[in-house]
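>>> coordinates only, sequence not included:
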């Protein structure tokens, strides 16, 4: 039976999505300035247009905190690929509602309310505990959901899974099969995200003020193979960049196909910019080393002292650009307020914190690897419903038609 291709977006979002897609895919203006204090693109670190024999997708993993209507596209996507849909729910999302939606479409689904996940199912991470309760504490469950998805994939014996965010649209569903096929060669394969650009608040403002700013691959639409299930997502902004890193550099990564990010407002409040700043600094600092052909082991206290000064100069530069290019009014005021919030949070980041975080991250990589390997050793080859019961994971499971 042929399953219809996914609907691209809800009707009320069509015009906004199309407009943002056109904006994002249009050629960059000639003479767009490049800051001496910032690398606007890391795309040269990725392999493009690699040949692949398309492969089946075992599961689509969707972390969600939005109402169930946001899942319509990924349900259709899972139906198209005849694969399992894993929905990891919190806040306004619920496992019961997600299961009902998938069941009506005849899609096999595993849905979990993450608030009910046993604490011991995932290991404690030093990268989380060292920031807990302080100014850099990230009070979201996004990384927890992504790691839970990795664990489920590993113990279920899946070979190729794809992360898709609930506000991302895949116009050509078979792009996922191309990405999955590339996993024989690459650690991670992202779809090129168009639509509304997927950047930090600071980088959004830089682009809107005329700066030369690109995007990178990420878990908005990212295919991951079994060999990568022993990497993990730290609880920090840009967690997907950290997932793609190895001990010394970027693991082999590629980009193919296209995904579209639905519009959102990065300047809605200043908290977003504050909570992003540590992760944005760490990731941009590390990828800046890779851009220069250097390794992650060179990220010592001296490097971070230099980089943090450079980052502060960049934010000051963007504040000036926004003031010069944006018309007076509430929109410009919100952009500048967000940038000042990022700058204020940046001033609290010490070089030694960056060094200590990377030390903890390396230790956490080993903790996660051992945790996944132990879980697989005890549960290899069991049917998925039995595995879920043995993990004592509260869930809803429905097989497909």
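Cool, the structure landed. Model, not experiment: these values are computed from the prediction.
>>> For this structure, which residues score under the pLDDT cut-off?
Applying pLDDT under 70 to the chain picks out residues 1-31, 380-381, 401.
>>> Buried residues, stretch 219-227. List them.
For stretch 219-227, a neighbour-count test (16 or more other CB atoms under 10 Å) marks 219, 220, 221, 222, 223, 224, 225, 226 as buried. Placement of C-beta: from N, CA and C, glycine included.
>>> Between those residues, which sits nearest residue 66?
residue 220 (14.1 Å; CB to CB).
>>> That closest one touches residue 162, doesn't it?
No. Counting by CB atoms under 8 Å, residue 220 sits too far from residue 162 to count as a contact (10.8 Å).
>>> Need the overlap of contacts for the two.
When contacts are counted by CB atoms under 8 Å, 6 or more residues apart in numbering, the set common to residue 220 and residue 162 is empty.
>>> where exactly do the helices run in the stretch 51-200 of the chain?
72-81, 95-104, 126-129, 142-156, 175-181 (DSSP state H, counting those that start in this stretch).
>>> quick one, which of the ones you listed is nearest to residue 339?
When the helices of the stretch 51-200 of the chain are compared by CB to CB, helix 142-156 sits nearest residue 339, at 23.4 Å.
>>> Tell me which other helices or strands the closest one touches.
strand 59-64, strand 84-89, strand 160-164, helix 239-244, helix 351-379, helix 384-390 (3 or more CB pairs under 8 Å, 6 or more residues apart in numbering; DSSP states H and E).
>>> now that helix and strand 59-64, what's the angle there?
In terms of direction (axes from the mean of the first three to the mean of the last three CA atoms, to 10 degrees), helix 142-156 departs from strand 59-64 by 160 degrees.
>>> which outside residues touch helix 142-156?
Contacts of helix 142-156 (CB under 8 Å, 6+ apart): 58-59, 61, 63, 86, 88, 90, 110, 112, 114, 117, 121-122, 161, 163, 219, 224, 226, 229-236, 239-240, 243, 368, 371-372, 375-376, 379-380, 382, 384, 387, 391.
>>> Just the buried residues of those residues.
58-59, 61, 63, 86, 88, 90, 110, 112, 114, 117, 122, 161, 163, 219, 224, 226, 229-236, 239-240, 243, 368, 371-372, 375-376, 379, 384, 387, 391.
>>> what about residue 386, how many residues close to it?
10 (other CB atoms under 10 Å).
>>> Is residue 336 in contact with residue 319, as I believe?
Yes. Assessed by CB under 8 Å, residue 336 is found in contact with residue 319 at 6.0 Å.
>>> what sits against the nearest residue to residue 155 once chain neighbours are set aside?
Nearest non-adjacent residue to residue 155, counting by CB to CB, 6 or more residues apart in numbering: residue 379, 4.8 Å away. Applying CB under 8 Å, 6+ apart to residue 379 gives the contacts 155, 387, 390, 391.
>>> sorry, back to before: mind checking which of the helices of the stretch 51-200 of the chain is nearest residue 44?
The nearest among these, by CB to CB, is helix 175-181 at 19.6 Å.
>>> What is the closest one packed up against?
By 3+ CB pairs under 8 Å, 6+ apart, helix 175-181 packs against helix 72-81, strand 160-164, strand 188-195, strand 221-225, strand 253-261.
>>> Now do it: distance to the chain's middle.
18 Å (CA atoms, centre = their mean, to the nearest Å).
>>> What of stretch 157-171?
That offset, for stretch 157-171, works out to 11 Å (CA atoms, centre = their mean).
>>> and if you look at stretch 55-70?
With CA atoms, centre = their mean, you get 13 Å for stretch 55-70.
>>> Phi first, then psi, for the residue sitting nearest the centre point of the chain.
The centroid of the chain falls nearest to residue 219 when counting by CA atoms, centre = their mean (3.2 Å). Backbone torsions for residue 219, taken as degrees, to the nearest 10, come to phi -80, psi 0.
>>> Could you pull up the residues touching it?
146, 163, 165, 233, 239, 240, 243.
>>> From residue 280, how far off is it?
16 Å (CB to CB, to the nearest Å).
>>> Ramachandran angles for residue 300?
Per degrees, to the nearest 10, the backbone of residue 300 is at phi -90, psi -180.
>>> Can you name the two of the contacts of residue 219 that sit furthest apart?
Across those (CB to CB), the longest gap, 14.4 Å, separates 165 and 243.
>>> in stretch 299-307, what counts as buried?
299, 303, 304, 307.
>>> which residues touch the first one?
It stands for residue 299. 285, 286, 289, 354, 355, 358.
>>> Swap in 7 Å and give it another go.
By CB atoms under 7 Å, 6 or more residues apart in numbering, residue 299 lies in contact with 285, 286, 289, 358.
>>> in what helix or strand does the first one lie?
Remark: residue 285 resides in helix 271-291, with elements defined by DSSP states H and E.
>>> Would you mark the buried spots in that helix?
272-290.
>>> now for that helix, which elements pack on it?
Contacts defined by 3 or more CB pairs under 7 Å, 6 or more residues apart in numbering; DSSP states H and E place helix 271-291 against helix 201-208, helix 239-244, helix 301-325, helix 330-346, helix 351-379.
>>> Many thanks, we can stop here.
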